[in-house]
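S.K.: Below is the sequence, then the predicted model.
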Amino acid sequence: MASTTFGYKVRDRSGTMIEGTLEGANEQLVVAKLREMGYVPVSVTARSKSVLTASIGGRAKKVSLKDVVVFTRQLATMVNAGLTILRALMILTEQTQSKALAEVATEMTRDIERGLSLSQAVARHPTVFPPVYRSMVRAGESGGALDTIMLRMADTLEKQLELRGKVKSAMSYPIAVAGIVVVIVTAMLLFVVPMFEGMYDDLGGQLPLPTRMLITMSGFVTGFWWLLGSAGVGGTFALRRWKATPAGRLAFDRFKLRLPVFGQLIHKTAVARFTRTFGSLIRSGVPIMESMDIVSDTSGNAVMGSAVVEAKERVRVGEPVSTALGAYPVFPPMVVQMMAVGEETGALDEMLEKIADFYDGEVSATVDSLTSLTSLTSLIEPLLMVFMGVSVGGMVVALYMPMFQIINLVK
């Protein structure tokens, strides 16, 4: 379904009015997305083109996280060198290779010229800059250390980008194998089985039950491929819509955490992202309650985000952060204990950074083992063998069973 660009006006948690644009299938989904980001929608109206995307060859190109990292580091470097934010943005507008990001930088330049702060200009582009970005920029503006905060933000985003790439590389092999099996099975049902069906029709006689079932399945696929294709597209769309709902996302993320082999990797990645973002916010001077609000939206896992939201209410009535989070199994005991030590020593931000470094190392070690062919094979080979044996092997046996019967009769 084609996306529409919607202009919106929202208020953030401090009551500040923010304007911007967002892509979405319809107004209801855009409103839901804005609320998920922590904003209170005031108005949402459809527009014809998005200022957050650049049309290249008839297709919209979004701003990538890598482009945002480079933009942030360059902006911090220029501010540290003594350039004004306005001048730095003008230079970045001319130098950036991303046309989409250049559009965003141009709008931010206009906002700065109109008297908005950098954090306010950033907040007008929530699809490009996550809530944690705006909060850290605002903290940097308040503390007079914007360049330092933005360099720290660039480091945080680079870690997230690196983790995302490692997780994708670890999952690529089994997904590729499963895809190949699906292609082979589909090709056999469409082309190979009909050839055997014609040959067995000429021979006559009753075919074994597995062969008859396979031929019936092949006939259904060849006769109703359009229905299966439509069901696949419709099912994918319905799944995406379901995942976009709070309950659907929570259930899907809980399912991902229970996956064999990869569930542990996803969990470690979520813990690393949570602790690094939380630590960066606290170190930048963002209050604990606001930091918990932000990390609940940006943890990358709805199970962890839901736990943070509930824990925040316990912190509000006086519980230590570590005790509140420790009530939820999604946070490992080691994380809770190290956070407790950090609270007792007054160095929670440093302890969170150490936890993040530890889990980054855990993720790297897990990914290295998964991307090693030998280690990967030893972990998932039994599952792959069962899957391939039942699908491809079962089809081959069913096709040749009549031949085995003929050979036995000849003997």
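M.R.: Received it, and whenever you're ready, just let me know what you need.

S.K.: For the host helix or strand of residue 135, list the C-alpha coordinates in PDB.
M.R.: Counting by DSSP states H and E, the element that carries residue 135 is helix 131-143. Taking Å, rounded to 0.1, in the frame of the first residue of the first chain, the C-alpha atoms of helix 131-143 are listed here in PDB:
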ATOM      1  CA  PRO A 131      13.400  11.000  20.900                       C
ATOM      2  CA  VAL A 132      16.700  10.200  22.700                       C
ATOM      3  CA  TYR A 133      18.500  12.400  20.100                       C
ATOM      4  CA  ARG A 134      16.300  15.400  20.900                       C
ATOM      5  CA  SER A 135      16.600  15.000  24.700                       C
ATOM      6  CA  MET A 136      20.400  14.700  24.600                       C
ATOM      7  CA  VAL A 137      20.600  17.800  22.300                       C
ATOM      8  CA  ARG A 138      18.400  19.700  24.700                       C
ATOM      9  CA  ALA A 139      20.500  18.600  27.700                       C
ATOM     10  CA  GLY A 140      23.700  19.700  25.800                       C
ATOM     11  CA  GLU A 141      22.100  23.100  25.100                       C
ATOM     12  CA  SER A 142      21.200  23.600  28.800                       C
ATOM     13  CA  GLY A 143      24.600  22.500  30.100                       C
END
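
S.K.: what's it in contact with?
M.R.: 37-38, 68, 72, 117-119, 122-123, 146-150, 152-153, 156, 277, 280-281, 284-286, 290-291, 294-295, 297-298 (Cβ atoms under 8 Å, 6 or more residues apart in numbering). All C-beta spots, glycine's among them, are computed from the backbone N, C-alpha and C.

S.K.: Narrow those residues to just the buried residues.
M.R.: A residue is treated as buried here by neighbour count (16 or more other Cβ atoms under 10 Å); on that basis the buried members of the contacts of helix 131-143 are 37-38, 68, 72, 118-119, 122-123, 146-150, 152-153, 156, 277, 280-281, 284-286, 290-291, 294-295, 297-298.

S.K.: show me where pLDDT drops low in the stretch 201-350 of the chain?
M.R.: For the stretch 201-350 of the chain, the stretches with pLDDT under 70 are 204-205.

S.K.: residue closest to the middle of the protein?
M.R.: For the chain, the residue nearest the mean C-alpha position is residue 300 (6.5 Å; Cα atoms, centre = their mean).

S.K.: Would you verify that it is located in a strand?
M.R.: No - checked against DSSP: H, G, I helix; E, B strand; the rest coil, residue 300 lies outside a strand; its state is coil.

S.K.: so it makes contact with residue 270?
M.R.: Yes - between residue 300 and residue 270 there is a contact at 5.5 Å, judged by Cβ atoms under 8 Å.

S.K.: where do the strands sit along this protein?
M.R.: 4-11, 17-24, 40-47, 54-56, 59-61 (DSSP state E).

S.K.: With mean neighbour count and mean pLDDT as added columns, please give those strands in TSV.
M.R.: As requested, those are exported to TSV (neighbours: other Cβ atoms under 10 Å; pLDDT from 0 to 100):
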stretch	mean neighbour count	mean pLDDT
strand 4-11	19	76
strand 17-24	18	74
strand 40-47	13	74
strand 54-56	13	38
strand 59-61	12	44
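
S.K.: got these as TSV, with distance to residue 405 columns?
M.R.: TSV is the format used below for the strands of the chain (distance: least, Cβ to Cβ, whole Å):
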stretch	distance to residue 405
strand 4-11	60
strand 17-24	59
strand 40-47	65
strand 54-56	61
strand 59-61	56
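
S.K.: closest to residue 394 out of those strands?
M.R.: Between residue 394 and the strands of the chain, the shortest separation by Cβ to Cβ is 41.6 Å, and it involves strand 59-61.

S.K.: coming back round to it: out of the buried ones among the contacts of helix 131-143, which are inside helices?
M.R.: Using DSSP state H, the members of the buried ones among the contacts of helix 131-143 that fall within helices are 68, 72, 118-119, 122-123, 146-150, 152-153, 156, 277, 280-281, 290-291, 294-295, 297-298.

S.K.: And the strands of the chain: which comes nearest residue 337?
M.R.: The closest approach between residue 337 and any of those, judged by Cβ to Cβ, belongs to strand 40-47 at 37.2 Å.

S.K.: Point out the other helices and strands that that closest one packs with.
M.R.: Contacting strand 40-47 under the criterion 3 or more Cβ pairs under 8 Å, 6 or more residues apart in numbering; DSSP states H and E are the following elements: strand 4-11, helix 27-36.

S.K.: export the ones you listed to TSV and tack on distance to residue 210?
M.R.: Compiled in TSV, those are given as follows (distance: least, Cβ to Cβ, whole Å):
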stretch	distance to residue 210
strand 4-11	50
helix 27-36	46
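
S.K.: and of those, who's closest to residue 245?
M.R.: Judged by Cβ to Cβ, the one of the helices and strands packed on strand 40-47 that comes nearest to residue 245 is helix 27-36, at 7.8 Å.

S.K.: Tell me which residues are up against that closest one.
M.R.: Contacts of helix 27-36 from elsewhere in the structure, counted by Cβ under 8 Å, 6+ apart, are 6, 8, 10, 22, 24, 41, 44, 46, 126, 244-246, 297.

S.K.: ok, 10 Å please
M.R.: Under the contact criterion Cβ atoms under 10 Å, 6 or more residues apart in numbering, helix 27-36 has outside partners 3-10, 18, 20-24, 26, 39-42, 44-46, 126-127, 241, 244-246, 249, 297, 302, 305.

S.K.: Stretch 82-91 now?
M.R.: The contact list for stretch 82-91, computed with Cβ under 10 Å, 6+ apart, reads 71, 74-81, 104-113, 117-118, 121, 141, 146-147.

S.K.: Send me it as CSV with only the CA atoms.
M.R.: Written as CSV, here are the backbone C-alpha positions of stretch 82-91 (Å, rounded to 0.1, in the frame of the first residue of the first chain):
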residue,chain,number,x,y,z
GLY,A,82,34.0,27.4,17.0
LEU,A,83,31.5,27.5,14.1
THR,A,84,27.9,28.6,14.9
ILE,A,85,25.2,25.9,14.6
LEU,A,86,23.7,27.9,11.7
ARG,A,87,26.9,28.0,9.8
ALA,A,88,27.6,24.3,10.5
LEU,A,89,24.2,23.4,9.2
MET,A,90,24.7,25.4,6.0
ILE,A,91,28.0,23.6,5.3
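
S.K.: so how far is that stretch off the chain centroid?
M.R.: Between the mean C-alpha location of stretch 82-91 and the chain-wide mean there is a distance of 32 Å, by Cα atoms, centre = their mean, to the nearest Å.

S.K.: Would you mind measuring from residue 209 to residue 401?
M.R.: The gap separating residue 209 from residue 401 is 9 Å, by Cβ to Cβ, to the nearest Å.
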